[in-house]
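Trainee: Mind folding the following:
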Amino acid sequence: MIALVDANNFYVSCERAFDPRLEGRPVAVLSNNDGCVISRSQECKDLGVEMGTPHFRLRDAARSSGLVFRSSNYELYGDMSARIVATLGTFTPDVEPYSIDESFLHLSLREGTDPEALGSRIREKVLQWTGIPCGVGFAKTRTLAKIANHAAKRSPRGVFAMPDDPSPILAALPVEEVWGVGRRLGARLRRAGVRDALSLASADAAFFRNHHFAVTLQRTALELRGIPATDADPLERENPQSVNVSRMFGKPVSRLSDLEEAVAAYAAAAAEKLRRTSSVASAANVYVQECAPPGTGGWGDERGWTPFLSRTAAFRAATSSTPEILAAARPAVARLFVEGRRYRRAGVLLCGVEPASGAADLFTGDPAETPGAKLSAALDAVNAKFGRGTVFPASTGTIRSWKMKRDFLSPCPTTRWRDVLVAKA
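Mentor: Coordinates of the predicted model:
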């Protein structure tokens, strides 16, 4: 049995968990640089605010409706997500985080266990331990669990278990709403006569072959029949093939020193992600994107944005050491930078990722025993004890004028000592 636990309006729920004044009020969380709406409370939805609505279009309405804005607080959301995963780990050791607000639980239920009763206990514990409401859907496969979770969110209990015969539910579900299908593929399926999830589940292998559909869609059909076909291998889940950290700047960057600081910060964050999964990487791809040239739309006009430019630096040996990754990334920035041009985004993609346990060899030794690896481990330990960002490489800067614009940023009470909530008598 598989359960999908999905936090309700996750970003908004995180904000409300530490600011009860937001309960019952319309709240909208904004994207990078306070650009557009990416999470809405139910009260915000009731006002007719759509996902992706630009912030500037809502300023006037906010005065009359009481709409509250919050900048994306990724530090808070990431930590709350980890707390939810840890809570779910008390029910099963096999928890598969799918996204920041969704996790699959792979369960072995005893005969006679009521899934909906278990789902209620999961919801209650997550709410009690984290303050985040969630929905729980049970099914035999991940694809059916996705559908069950959507049904759970419409249920007063917030829990739904897919029946042994899901045909009535699948018949009522448009094919575009099946996990992994979407509008474009859904349009192709409709032209081929498949209009709902039940029709997709009933299609045979010849149908997919004759209409030139990929094997992944055939696996989705198997999942809709209750046959597991898309489960990732546990090792693949724990060890990603690449790690990417990228951000848009709060304002255009035109100095090499600022661009080097930003790339160093992203490289350090990527290295930290590697170490969390006990992985190492073989190379770093550093990339930047220029602002539009004058007269072509300028900052923020997609029609004027330029392509990404990149440089790849291979490491002497596979590593997760922050100093070694920074040393390889810095020269790439200098090669990409052009005096007089402005840049709007940069990022670091670590590739050739593999488990650290299998990366040692006769000539390079154990990657965990290098001086840089030991220093990185010490840095992680200090930050784990005293809060993220307590110590950091000097090359990542202290002022960081290039950081994202976040005018409505809330505190980070779970990751910064100065933001810890204080109880008053």
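
Trainee: residues in contact with F213?
Mentor: 188, 207 (CB atoms under 8 Å, 6 or more residues apart in numbering). Glycine gets a C-beta too; all of them are placed from N, C-alpha and C.

Trainee: mind redoing it with 10 Å?
Mentor: By CB atoms under 10 Å, 6 or more residues apart in numbering, F213 lies in contact with 185, 188-189, 192, 194, 203, 207, 220-221.

Trainee: try T414
Mentor: T414 makes contacts with 14, 17-18, 75-76, 78-80, 82-83, 130, 387-388, 420-421, as judged by CB under 10 Å, 6+ apart.

Trainee: Point to the helix or strand of the chain where mean pLDDT is at its lowest.
Mentor: Here the helix or strand of the chain ranked lowest by mean pLDDT, DSSP states H and E is helix 234-238, holding a mean of 46.

Trainee: Within the sheet, what are the partner strands of the next helix or strand after that helix, with directions?
Mentor: Downstream of helix 234-238, the first helix or strand assigned by DSSP states H and E is strand 243-253. Its sheet considered, strand 243-253 pairs with strand 343-351 (antiparallel) by DSSP bridges.

Trainee: Which strands or helices does the helix or strand where Q128 lies pack on?
Mentor: Applying DSSP H and E as the criterion places Q128 in helix 115-130. Other helices and strands packing on helix 115-130, by 3 or more CB pairs under 10 Å, 6 or more residues apart in numbering; DSSP states H and E, are strand 2-7, helix 10-17, helix 74-88, strand 134-139, helix 142-153, strand 159-161.

Trainee: mind checking the SS state of the nearest residue to L222 once chain neighbours are set aside?
Mentor: Spatial nearest neighbour of L222, excluding adjacent residues (CB to CB, 6 or more residues apart in numbering): A229 at 4.1 Å. Assigned by DSSP: H, G, I helix; E, B strand; the rest coil, the conformation of A229 is coil.

Trainee: quick revisit: tell me the one of the contacts of F213 nearest R341?
Mentor: L185 (39.0 Å; CB to CB).

Trainee: got the contact list for that closest one?
Mentor: Contacts of L185 by CB under 10 Å, 6+ apart are 175-176, 178, 213-214, 216-217, 220.

Trainee: buried subset of those residues?
Mentor: 175-176, 178, 213, 217, 220 (16 or more other CB atoms under 10 Å).

Trainee: In CSV, list those residues along with secondary structure and pLDDT.
Mentor: CSV is the format used below for those (DSSP: H, G, I helix; E, B strand; the rest coil; pLDDT from 0 to 100):
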residue, secondary structure, pLDDT
V175, helix, 94
E176, helix, 95
V178, coil, 94
F213, coil, 91
L217, helix, 92
T220, helix, 93
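
Trainee: Looking at those residues, which is nearest V126?
Mentor: Nearest member of those to V126, counting by CB to CB, is V178, at 26.4 Å.

Trainee: isn't that closest one right up against T230?
Mentor: No. Look at V178 against T230 with CB atoms under 10 Å: they stay out of range, at 11.9 Å.

Trainee: I'd like the buried ones among the contacts of L185 laid out as CSV, including distance to T415.
Mentor: Converted to CSV, those look like this (distance: CB to CB, whole Å):
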residue, distance to T415
V175, 42
E176, 38
V178, 37
F213, 45
L217, 41
T220, 38
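
Trainee: Quick check: the farthest pair among those?
Mentor: E176 and F213 (14.7 Å).

Trainee: which stretches of the stretch 301-425 of the chain form helices?
Mentor: In the stretch 301-425 of the chain, the helices defined using DSSP state H, counting those that start in this stretch lie at 322-336, 371-386.

Trainee: hey, which of those helices is tucked in deepest?
Mentor: Of all the helices of the stretch 301-425 of the chain, helix 322-336 has the most neighbours on average by mean count of other CB atoms under 10 Å, namely a mean of 19.

Trainee: now that helix, how far from the centre of its chain.
Mentor: Distance, stretch centre to chain centre, for helix 322-336: 26 Å (CA atoms, centre = their mean, to the nearest Å).

Trainee: Please apply the same query to stretch 387-400.
Mentor: Worked out by CA atoms, centre = their mean, stretch 387-400 lies 23 Å from the chain centre.

Trainee: So for that stretch, mean pLDDT?
Mentor: Stretch 387-400 shows a mean pLDDT of 84.

Trainee: May I see the buried residues of it?
Mentor: Within stretch 387-400, the residues scored as buried using 16+ other CB under 10 Å are 387-388, 392-393, 395-397.

Trainee: what do you get for stretch 186-193?
Mentor: In stretch 186-193, counting by 16+ other CB under 10 Å, buried: 186, 189.

Trainee: Next: stretch 135-146.
Mentor: By neighbour count with 16+ other CB under 10 Å, stretch 135-146 contains the buried residues 135-146.

Trainee: what is the mean pLDDT for that stretch?
Mentor: Along stretch 135-146, the predicted confidence averages to a pLDDT of 95.

Trainee: just to revisit the earlier point, quickly name whichever of the contacts of L185 is closest to A327.
Mentor: Comparing the contacts of L185 against A327 with CB to CB places T216 closest, at 39.5 Å.

Trainee: Now do the same contact list for the residue lying closest to that closest one once chain neighbours are set aside.
Mentor: In space, and not counting its chain neighbours, T216 is closest to G180: 6.9 Å by CB to CB, 6+ apart. Going by CB under 10 Å, 6+ apart, G180 touches 142-143, 146, 216-217, 219-220, 223, 230.

Trainee: okay if I get those as CSV plus distance to L22?
Mentor: Putting these into CSV (distance: CB to CB, whole Å) gives the following:
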residue, distance to L22
R142, 33
T143, 34
K146, 29
T216, 40
L217, 41
R219, 41
T220, 38
E223, 38
T230, 37
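
Trainee: how far out from the middle of the chain is stretch 408-423?
Mentor: Distance, stretch centre to chain centre, for stretch 408-423: 22 Å (CA atoms, centre = their mean).

Trainee: can you tell me the distance between the two ends of it?
Mentor: Stretch 408-423 has an end-to-end distance of 24 Å (CA to CA, to the nearest Å).
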